[in-house]
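# give me coordinates for this.
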Amino acid sequence: MKTLMFPGQGSQSVGMGADLYKNFDLVKNLFKEADQRLNYSISKIILEGPENELKLTKNTQPAILTISYSIFKLMTEEFNIQTKDIKYFAGHSLGEYSALVSAGSLNFQDALYLLHERGKSMQEAVPEGKGSMLAVMGLKMNEVKKYIDQIKGKGICEIANDNSDSQIILSGEKTAMEEINKILKADKKKSIFLPVSAPFHSSLMKSAAEKMRDKIFNTNFKNLSIDIVSNVTAEAEKNSENIKKLLVEQIYSKVRWRESILYMIKNGVNEFIEIGPGKVLSGLVKRISGNVNVKSINTIEDIKNLK
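Okay, the predicted model is just below:
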């Protein structure tokens, strides 16, 4: 059985999807649809940059959705790849929206609007430059928690993503993040700041979740025929009302990616296919389990090889 999984922030790069855009009208039309829905040229930012514009979360989020959904549509419509063996859809953070659109729960235009608003709300929750996110490599959850304890009282620093046994993402106030980074480096531990513009999946995002609550609940979601595995619960969900509630919570909650992958494997998944820019999720799945097949689809060649 297979899982289709969709990436989140950090996977973006200027020029992503350029090859697909150049070669397929279907992709050109989706880019055009995105521009019209957002009332500005997200396609120009995706294809030409500048990078600092693409990095702004109000742009990053709809941009990654547009690329991921373009690849999914090419697979299923242009190349007629069947999705009959799919047991689950899953997405990392904003990737849940790409998963919901691809699974038929959410309309592409509605998802563009919600992600743009989600990005704006998240950015407004914390002024640019005041929050950050830090990837910590090679340490398990309990070890990372001990480092967090060392900086108590120096600002907000929380676990944002449990990505794998060897990668945990921290999120919070920039001063606290710089402090913990200094301690990690002094102990010769590997850590790197992420190219994002706000401290996602932390309690600092609660005001963003409140702003998004009505927008999400006023949007039409359909019940799913194939389960999505939620970031918040690391369990399968089909019900549209529950999905809305979880999307609100997801804004300030930890992404339980490692647990989600283990849940899907336990329930019979032996192949994970990443649809979207980059190969971040594929790398994480390989670290979580060496006993599953993992494929990453972001070029025409990748799609052809999937047939």
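# please count neighbours and contacts with C-alpha atoms only from this point.
OK.
# strands of the stretch 201-307 of the chain, residue ranges please.
227-229, 236-237, 271-275, 293-297 (DSSP state E, counting those that start in this stretch).
# neighbouring contacts of the shortest one?
Residues lying outside strand 236-237 but in contact with it, judged by Cα atoms under 8 Å, 6 or more residues apart in numbering, are 88, 227-230, 243.
# neighbouring strands for that strand, and are they parallel or not?
Sheet pairing for strand 236-237, assigned by DSSP bridges, gives strand 227-229 (antiparallel).
# may I see the buried residues of the partner strand?
227-229 (16 or more other Cα atoms under 10 Å).
# might one say that Ala176 is in contact with Asp149?
No - with contacts counted by Cα atoms under 8 Å, Ala176 stays clear of Asp149, the gap being 11.4 Å.
# more neighbours, these two?
Set Ala176 next to Asp149 and count neighbours by other Cα atoms under 10 Å: Ala176 wins out with 22 against 11.
# could I get the helix or strand the more buried one falls within in CSV with only the CA atoms?
Ala176 belongs to helix 174-186 when assigned by DSSP states H and E. Extracted in CSV, the C-alpha atoms of helix 174-186 (Å, rounded to 0.1, in the frame of the first residue of the first chain):
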residue,chain,number,x,y,z
LYS,A,174,14.8,34.6,18.2
THR,A,175,16.7,35.5,21.3
ALA,A,176,15.9,32.1,22.9
MET,A,177,16.7,30.3,19.6
GLU,A,178,20.1,32.0,19.4
GLU,A,179,20.8,31.1,23.0
ILE,A,180,20.0,27.4,22.5
ASN,A,181,22.0,27.3,19.2
LYS,A,182,25.0,28.7,21.1
ILE,A,183,24.8,25.9,23.7
LEU,A,184,24.3,23.2,21.1
LYS,A,185,27.3,24.5,19.1
ALA,A,186,29.5,24.6,22.3
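# what comes up buried for it?
By neighbour count on 16+ other Cα under 10 Å, the buried set for helix 174-186 is 174-177, 179-181, 184.
# same check, this time on stretch 18-32
So for stretch 18-32, counting by 16+ other Cα under 10 Å, buried means 18, 20-21, 26-28, 30-31.
# what's the answer for stretch 99-115, then?
99-103, 105-115.
# what's the end-to-end length of it?
End-to-end distance for stretch 99-115, by Cα to Cα, to the nearest Å: 13 Å.
# and if you look at stretch 151-160?
So stretch 151-160: terminal residues 16 Å apart, Cα to Cα.
# all strands for the stretch 1-150 of the chain, in order.
2-6, 86-91, 131-137.
# okay, the angle between the first one and strand 271-275?
Counting by axes from the mean of the first three to the mean of the last three Cα atoms, to 10 degrees, strand 2-6 lies at 30 degrees to strand 271-275.
# sorry, back to before: and the helix holding Ala176, what does it pack against?
Applying 3 or more Cα pairs under 8 Å, 6 or more residues apart in numbering; DSSP states H and E, we find helix 174-186 packed against strand 131-137, helix 141-150, strand 190-193.
# tell me the most buried of the ones you listed?
Greatest average neighbour count among the helices and strands packed on helix 174-186 goes to strand 131-137 (a mean of 23), per mean count of other Cα atoms under 10 Å.
# ends of stretch 256-276, how far apart?
Note: stretch 256-276 ends 20 Å apart using Cα to Cα.
# I meant stretch 284-295, not that one.
End to end - Cα to Cα - stretch 284-295 spans 12 Å.
# repeat for stretch 215-232
OK, stretch 215-232 end separation, Cα to Cα: 19 Å.
# buried stuff in that stretch?
Buried, per 16+ other Cα under 10 Å, within stretch 215-232: 215-217, 221-224, 226-232.
# mind listing which of those residues are in helices?
215-217 (DSSP state H).
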